[in-house]
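A.B. asks: Here you go, sequence then predicted model.
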Amino acid sequence: MQTPNTHSGRTAKTHGTGKEVAKAELAKTAVKPSQFPDTNWPEVAFVGRSNVGKSSLINALLNRKKLARTSQHPGKTRTINFFNVEDRLYFVDLPGYGYAKVSKTESAKWGDMVEGYLKDRPPLKHIFLLMDIRHEPSAGDKQIHQWCRFYNLPYTIIATKSDKIKKSQVQKHLAVIRKALEEESPPLPFSSESWDGRDAMWAVIETMILQPKPMQ
Ligand code: GTP
Ligand code: MG
């Protein structure tokens with residue numbers, strides 16, 4: 001019998017239990033603000049390095065295998081993708097940063113596009129900052145973290161790919177990330193494979209939508 005957080009492939013885990021999402025679909029693909037939705041539903045954004053698992057995490061939260069496109073090669077998501085979640089909020093999948101192969105021009109474009117979205121988007125209610133549980137936060141991770149603090153954007157740090165390390169090592173890795181970012185509490189571990197952390201993330205989403213706080 002498997003325990004929910006044990007990783008061993010895609011069978012017999014928590015899949016099919018927990019939060020069910022009645023409707024989830026790609027609503028908009030944008031590269032500039034004029035293409036953003038104007039529905040004014042609250043938005044939750046997923047931010048992090050290329051390949052950290054943003055699109056996979058969105059699929060896991062929504063229990064849709066291929067709604068957000070994923071790849072083993074970094075740089076898969078190149079546009080700002082708005083997913084309609086039950087006609088009441090958007091999940092916003094963003095292109096990742098820190099992808100060495102993109103040119104300076106393209107990397108600047110990333111900055112303009114993503115920063116433009118994060119900085120000036122009233123419906124944006126919460127940011128999930130994703131970092132790989134196996135590694136110390138990168139310079140880019142630290143920068144975006146500082147940036148969220150500076151602009152007072154509500155955020156939660158997620159340590160992705162928790163299935164990649166032994167369960168006994170999880171707390172130690174969370175502590176390393178917490179310390180590097182000088183956070184009071186450790187990040188939330190998550191695995192798109194085992195669904196470790198899925199209920200906890202939904203709890204954050206529900207809380208911030210049911211009890212929204214002003215951005216400033
Ligand atoms: P960009 O779109 O390039 O910014 O990347 P991304 O952050 O959206 O990453 P994506 O979801 O495409 O995942 C990158 C790779 O990591 C894929 O091969 C995924 O299968 C793998 N991956 C993502 N999350 C997990 C996880 O929780 N566990 C494991 N083992 N692999 C994962
Ligand atoms: Mg992606």
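C.D. replies: Cool, got the structure. Numbers count the residues shown, from 1 in each chain. Ligands and ions are numbered 1, 2, ... in the order given.
A.B. asks: Then residue 29 would be within a strand, right?
C.D. replies: Yes: under DSSP: H, G, I helix; E, B strand; the rest coil, residue 29 sits within a strand.
A.B. asks: Quick check: which element contains the residue nearest in space to the middle of the chain?
C.D. replies: The centroid of the chain falls nearest to residue 46 when counting by Cα atoms, centre = their mean (3.1 Å). According to DSSP states H and E, residue 46 maps onto strand 43-48.
A.B. asks: follow-up on the earlier one: which residue packs closest to the residue nearest to the centre of the chain, ignoring adjacent ones?
C.D. replies: residue 54 (4.4 Å; Cβ to Cβ, 6 or more residues apart in numbering). Placement of C-beta: from N, CA and C, glycine included.
A.B. asks: how far away is that neighbour from residue 67?
C.D. replies: Taking Cβ to Cβ, to the nearest Å as the measure, residue 54 falls 13 Å from residue 67.
A.B. asks: do the same with residue 184
C.D. replies: 34 Å.
A.B. asks: Between those two, which is the more surrounded one?
C.D. replies: Comparing residue 184 with residue 67 by neighbour count (other Cβ atoms under 10 Å), the higher total belongs to residue 67, at 18 against 6.
A.B. asks: Wait, the more buried one touches residue 83, no?
C.D. replies: Yes: Residue 67 is in contact with residue 83 according to Cβ atoms under 8 Å; the separation is 6.7 Å.
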